[in-house]
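> Predicted model follows, preceded by the sequence.
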Amino acid sequence: MTTTFTWRIANMERETADGFVFCCHYTVNAEDGTYSAGAYGSLGLERPKNLIPFDQLTEETVVGWVKKKFGDEKVAEIEAALQTQLDEKHAPTKQTGVPWSN
């Protein structure tokens with residue numbers, strides 16, 4: 001089964017004076033056709049030399065910022081953690097319950 005990872009921007013915080021986005025709230029969804037798992041987080045950004053006007057930002061651009069700030073290793077770590085959750089759903093290694101009836 002192939003897992004699809006989808007990165008999205010849930011919200012952004014910006015300065016009203018110039019539109020500088022200083023914080024991104026992101027989600028990552030992993031889906032394999034049977035199960036899904038998700039993560040949510042926030043990431044602070046540094047002021048760039050050249051600001052893109054806020055109304056010209058696209059989700060693709062901002063997701064790119066988030067992934068670049070994290071770096072390939074951290075992106076892979078986040079996606080691996082979600083994959084582990086999916087794997088656990090397919091083949092549980094832990095269960096709850098008692099061996100007797102009430």
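Perfect, thanks for sending it.

> OK, contacts around the nearest residue to T3 once chain neighbours are set aside?
Nearest non-adjacent residue to T3, counting by CB to CB, 6 or more residues apart in numbering: D32, 4.6 Å away. C-beta coordinates here come from the backbone N, C-alpha and C atoms, glycine included. D32 sits next to 1-4, 86 when contact means CB atoms under 8 Å, 6 or more residues apart in numbering.

> mind checking pLDDT for D32?
With respect to pLDDT, D32 scores 97.

> Could you do E77 as well?
98.

> same check, this time on the one 4 residues further on
In this prediction, A81 carries a pLDDT score of 98.

> Grab the most central residue of the protein for me.
By CA atoms, centre = their mean, the chain has its centre lying nearest to V28, at 2.8 Å.

> what about that one, which SS state?
Going by DSSP: H, G, I helix; E, B strand; the rest coil, the secondary structure assigned to V28 is strand.

> quick one, what contacts it?
Residues near V28 by CB under 8 Å, 6+ apart: 5-8, 38-39, 78-79, 82.

> Return the distance of the residue nearest to G33 when sequence neighbours are not counted relative to T84.
Nearest non-adjacent residue to G33, counting by CB to CB, 6+ apart: M1, 6.1 Å away. Distance from M1 to T84, counting by CB to CB, to the nearest Å: 14 Å.
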